[in-house]
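Asks: dropping the sequence and predicted coords here.
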Amino acid sequence: MSTPDLMNEIAATDRTFQQEGGEWVGKCLICSGPLRFDAHTGEGATVEHIVPRTAGGGNDLLNLGLAHPACNWEKGRNWDRRQARRRRADPAKYAALVERLLAERLRRWRPPSAEC
Ligand SMILES: [Zn+2]
């Protein structure tokens, strides 16, 4: 599946996102700030793996969210396991962040078939 297709699928299952013309408009999973992206190209947002692939996270929709490129980058830089070891980040804090994002994704969950 191409990245824009995947992003469309994530947006369709996230209640904060609505389609406006050729764009999806909703909220960043990480900072909850306004986020919009082009439904055709995916430009404007990035796919966030809540449990990182390096920590065994998969591609199921409940492990995926949409985030600002900067938020996604910041989470990866500060929190991904391999990097965190180097930076001596607090693993408990990282686990708490992942828990929070998983809970937020579940809270926003919208069944894929629902029309808005
Ligand atoms: Zn953000």
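Replies: Yes, it's here.
Asks: what's next to the longest helix seen in the chain, contact-wise?
Replies: Scanning the chain for the longest helix, with DSSP state H as the assignment, gives helix 91-108. Helix 91-108 has contacts (CB atoms under 8 Å, 6 or more residues apart in numbering) with 14-16, 29-30, 48, 50-51, 62-65, 75, 79, 81, 84. For glycine as for every other residue, the C-beta is placed from the backbone atoms N, C-alpha and C.
Asks: could you redo the last one with a cut-off of 10 Å?
Replies: Helix 91-108 has contacts (CB atoms under 10 Å, 6 or more residues apart in numbering) with 10, 13-17, 26-27, 29-30, 32, 48-52, 55, 57, 61-65, 67, 75, 78-81, 84-85, 90.
Asks: state the mean pLDDT of it.
Replies: Computed over helix 91-108, the mean pLDDT rounds to 92.
Asks: just the buried residues of the contacts of helix 91-108.
Replies: 10, 13-14, 16-17, 26-27, 29-30, 48-50, 52, 61, 63-65, 67, 75, 79-80, 84 (16 or more other CB atoms under 10 Å).
Asks: the helices in the protein, which residues?
Replies: Remark: helices assigned in the chain by DSSP H are 3-12, 69-79, 81-87, 91-108.
Asks: between the second one and helix 91-108, how many degrees?
Replies: Going back to what we said before, that points to helix 69-79. Angle between the axes of helix 69-79 and helix 91-108 is 150 degrees (criterion: axes from the mean of the first three to the mean of the last three CA atoms, to 10 degrees).
Asks: the helices of the chain: which one's closest to the ion?
Replies: Across the helices of the chain, the ion has its closest neighbour in helix 69-79 (3.3 Å, CB to the ion).
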